[in-house]
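**Student:** requesting a structural model of the entry that follows:
(one chain, ligands or ions: 1)
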Amino acid sequence: MPVTAGDIDAVCELINDLCGICLDASKSYLIESRLGQIVEKHGCTSYADLVQKVRRGTDASLKNQVVDAITTNETLFFRDSYLFEALRYKALPELIDSKEKTAFPTRLRLWSAACSTGQEPYSLAMTLAEMIPDVNRWDIQIMGTDISDAVIAKASRGWYATHEIERGVSPERLQRFFLADGSGWRVRDEIRAMCSFQRQNLLEPLGMSARFDMVFCRNVAIYFTREVRRDLFQRIATTMSPQGYLFVGAQEFLADIGPNFAPQNHCRGTFYRPNMTNIPVYVR
Ligand SMILES: C[S@@+](CC[C@H](N)C(=O)[O-])C[C@H]1O[C@@H](n2cnc3c(N)ncnc32)[C@H](O)[C@@H]1O
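**Tutor:** Numbers count the residues shown, from 1 in each chain. As a prediction, this is how the structure comes out:
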């Protein structure tokens with residue numbers, strides 16, 4: 001069903017309210033291709049009718065269906081390999097060194113915010129397993145969160161089709177970290193055990209009790225307005241240990257959101273350290 005010029009603003013406003021993604025009339029093809037089936041399946045007379053049904057909230061699952069359909073879940077294992085090299089050769093050795101002087105030298109807390117179907121948190125777990133010889137004796141928790149229930153369910157299963165494995169997993173890693181399972185591959189238990197998954201809308205308060213040593217928030221804030229991005233990264237900084245590390249997407253830079261993060265470079269990779277004195281008290 002085509003979306004009319006009269007309906008487009010209502011749809012874009014709804015999407016913005018639900019998940020912060022900014023759309024406009026130039027994206028009507030995307031709205032039609034992703035929401036058209038939902039409009040028809042729920043017997044809506046128009047896109048504006050769908051918007052009203054979601055806003056009324058009488059069918060709780062409808063909101064989730066819209067979110068699942070409109071979000072872009074593109075991801076792969078070890079995405080942007082030079083960021084994983086910066087992690088491996090600079091951030092992680094520095095972090096492990098600095099941990100040695102603390103009360104919990106073998107405790108690591110990582111957060112993959114907007115983790116999609118789990119390739120990012122599992123890539124982090126594999127990297128830790130490669131870098132830390134006695135990793136089984138460490139207390140490691142990697143939390144993967146996303147707004148979409150569908151991708152969180154897939155991430156939790158830890159099962160990937162061969163074409164997903166072929167996007168980023170080397171034969172050595174496949175052998176070491178996966179088990180053949182039916183027509184695909186299952187993440188081995190020791191990697192799976194480091195990761196947990198839960199739903200988190202990044203627009204909502206971040207109910208995190210952990211102080212994260214590392215946060216990966218990649219390829220999601222690109223869909224938000226500058227104000228929402230700025231607010232999000234300020235709130236993320238408050239969930240991090242002062243010695244923490246923040247990784248953003250390869251095409252993302254934090255220079256325009258103020259002096260809250262100090263960039264660090266390793267070869268082609270950039271990551272950030274939070275600058276807590278610049279985070280306003282009201283978001284700490
Ligand atoms: C392109 S994927 C990025 C996955 C992974 N971080 C990576 O870089 O490969 C973007 C993810 O952001 C999620 N997302 C979109 N809006 C969100 C929001 N408001 N809160 C949490 N996750 C959101 C989507 O569901 C999607 O899985």
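
**Student:** C-alpha from now on. contacts and neighbour counts both.
**Tutor:** Noted.

**Student:** ignoring the adjacent residues along the chain, who's closest to Gly184?
**Tutor:** Leaving aside its sequence neighbours, Gly184 sits nearest to Ala161 (CA to CA, 6 or more residues apart in numbering; 4.3 Å).

**Student:** can you tell me the closest non-neighbouring residue to Ile191?
**Tutor:** Ile191 sits nearest to Ala125 (CA to CA, 6+ apart), 5.9 Å away.

**Student:** state the next helix or strand along the chain beyond the helix or strand hosting the one you found.
**Tutor:** Per DSSP states H and E: Ala125 is located in helix 119-131. Beyond helix 119-131 on the C-terminal side, the first helix or strand identified by DSSP H and E is strand 139-146.

**Student:** okay, the angle between the helix holding Ala125 and strand 139-146?
**Tutor:** Computed by axes from the mean of the first three to the mean of the last three CA atoms, to 10 degrees, the angle separating helix 119-131 from strand 139-146 equals 160 degrees.

**Student:** need the contact partners of helix 119-131.
**Tutor:** 75-79, 88, 111-112, 115, 135, 142-144, 155, 177, 191-192, 194-195 (CA atoms under 8 Å, 6 or more residues apart in numbering).

**Student:** the residues you listed: which ones sit near the ligand?
**Tutor:** Residues of the contacts of helix 119-131 in contact with the ligand (CA under 6 Å from any ligand atom): 75-76, 115.

**Student:** so what's Gln243 up against?
**Tutor:** 95, 213, 273-274.

**Student:** scratch that, Tyr223
**Tutor:** Taking CA under 8 Å, 6+ apart as the test, what Tyr223 contacts is 20-22.

**Student:** how close does it get to the ligand?
**Tutor:** 8 Å (CA to the nearest ligand atom, to the nearest Å).

**Student:** out of the ones next to the ligand among the contacts of helix 119-131, which is nearest to the ligand?
**Tutor:** Thr75 (3.6 Å; CA to the nearest ligand atom).

**Student:** surely that closest one touches Val151?
**Tutor:** No - with contact defined as CA atoms under 8 Å, Thr75 does not count as touching Val151 (11.0 Å).

**Student:** give me the neighbour count for Val248.
**Tutor:** When neighbours are defined as other CA atoms under 10 Å, Val248 has 19 of them.

**Student:** tell me who's in contact with the residue nearest to it when sequence neighbours are not counted.
**Tutor:** In this structure, Val248 finds its nearest non-sequential neighbour in Arg218, 4.5 Å apart by CA to CA, 6+ apart. For Arg218, the contacting residues are 113-114, 247-250, 252, by CA under 8 Å, 6+ apart.

**Student:** all set now, cheers.
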